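# missing the sequence, but the structure's below:
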Ligand SMILES: [Zn+2]
């Protein structure tokens, strides 16, 4: 669940509860009959924020808000809850979108979903194993299920941010992404990556949430990717290009959005498509 920040020191139980509570909150806001009440409550809260945190030191590309600061060490936008990686992805993607694009958003973040859903001339579908924010619930590693529910070679853009580190069979998920891409399509993939590691660390004998939190830094992660992440993508038939914030943004924009200069987008296409 990429929306859920769990620190390595969090207990697994607390992390699970936090994930569930957050998911329920989103669902309530989205589909509950009282959603107008929640929208009004949020509008009042945001009005307070605009006074309390008035300023233009930081900027969120996802919702366009300016503020004195983001929230705490996670650098969350207090208006749309974007992380730095979401702001970078949207900054890159917003310039690339064109009429006729068909977007698949895997494990949809609400801040990006709000940017993309309903955009004129652009198709959008969100998929996730469980999330109520998704249009389709499916297992990305189940080849038949993916083909039956999402098709083949149909998406010009696939967004997959901080998902693969949660999936045991990540080669299957990478192959599914390749199969879903249109001939001219691109997948924008982000993962937490330890650049000091040459080789990805994974141990499928570690299954307890507490042990995973100790070993992999988060209770629901199953590995820590190393510099061989690109090799893993290539082994799944994806051609990879790295896009860093400095390739897209000025230094000032990087500073104001508080992007991590070393956190790239892995821009992938089907290696058989050219
Ligand atoms: Zn925002």
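Perfect, I can see it now. The structure presented is a predicted model; accordingly, all values stated were derived computationally and were not measured.
# phi, psi of the residue lying closest to residue 171 once chain neighbours are set aside?
Computed as Cβ to Cβ, 6 or more residues apart in numbering, the closest residue to residue 171 that is not its neighbour in sequence is residue 236, at 5.6 Å. In this view, the C-beta of every residue, glycine as well, is placed from N, C-alpha and C. Backbone torsions of residue 236, given as degrees, to the nearest 10, read phi -90, psi 10.
# same check, this time on residue 74
Dihedral angles for residue 74 - degrees, to the nearest 10 - are phi -80, psi -10.
# what's the distance between the most centrally placed residue in the chain and residue 82?
Central residue of the chain (Cα atoms, centre = their mean): residue 161, 3.1 Å from the mean position. Separation of residue 161 from residue 82 (Cβ to Cβ, to the nearest Å) stands at 11 Å.
# May I have the residues that are in contact with the residue nearest to the centre of the chain?
Residues in contact with residue 161 (Cβ atoms under 8 Å, 6 or more residues apart in numbering) are 2, 85-86, 89, 107, 109, 188-190.
# Adding secondary structure, distance to the ion and pLDDT, write the residues you listed out as TSV.
Converted to TSV, these look like this (DSSP: H, G, I helix; E, B strand; the rest coil; distance: Cβ to the ion, whole Å; pLDDT from 0 to 100):
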residue	secondary structure	distance to the ion	pLDDT
2	coil	16	38
85	helix	13	98
86	helix	8	98
89	helix	13	98
107	coil	19	96
109	coil	11	96
188	strand	19	98
189	strand	22	98
190	strand	17	98
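# Which residues of the chain lie near the ion?
Residues of the chain lying close to the ion by Cβ under 5 Å from the ion are 60, 62-63, 77, 79-80, 82.
# Closest to residue 270 out of those?
residue 62 (28.1 Å; Cβ to Cβ).
# burial measure for that closest one, as a count.
Applying other Cβ atoms under 10 Å, we find 24 residues neighbouring residue 62.
# Then it would be within a strand, right?
No: Residue 62 is assigned coil when assessed by DSSP: H, G, I helix; E, B strand; the rest coil, not a strand.
# I'd say it and residue 84 touch.
No: contact criterion Cβ atoms under 8 Å: residue 62 and residue 84 do not qualify, at 10.7 Å.
# what's the residue of the stretch 101-250 of the chain at minimum distance from the ion sitting at in phi/psi?
Relative to the ion, the nearest point of the stretch 101-250 of the chain is residue 111 (6.0 Å; Cβ to the ion). For residue 111, the backbone dihedrals are phi -70, psi -40 (criterion: degrees, to the nearest 10).
# Next one: it, what pLDDT does it get?
On pLDDT, residue 111 comes in at 96.
# residues contacting it?
Contacts of residue 111 (Cβ under 8 Å, 6+ apart): 62-63, 77, 80-82, 86, 90.
# Quick one: the contacts of residue 161 as JSON lines, columns for neighbour count too.
Converted to JSON lines, the contacts of residue 161 look like this (neighbours: other Cβ atoms under 10 Å):
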{"residue": "2", "neighbour count": "21"}
{"residue": "85", "neighbour count": "22"}
{"residue": "86", "neighbour count": "28"}
{"residue": "89", "neighbour count": "25"}
{"residue": "107", "neighbour count": "23"}
{"residue": "109", "neighbour count": "27"}
{"residue": "188", "neighbour count": "19"}
{"residue": "189", "neighbour count": "25"}
{"residue": "190", "neighbour count": "21"}
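# so, if you compare those, which one comes nearest to residue 121?
Relative to residue 121, the closest of the contacts of residue 161 is residue 188; by Cβ to Cβ it sits at 19.5 Å.
# ok, back up a step: which residues touch the residue nearest to residue 171?
Counting by Cβ under 8 Å, 6+ apart, residue 236 has contacts 171, 174-175, 177-178.
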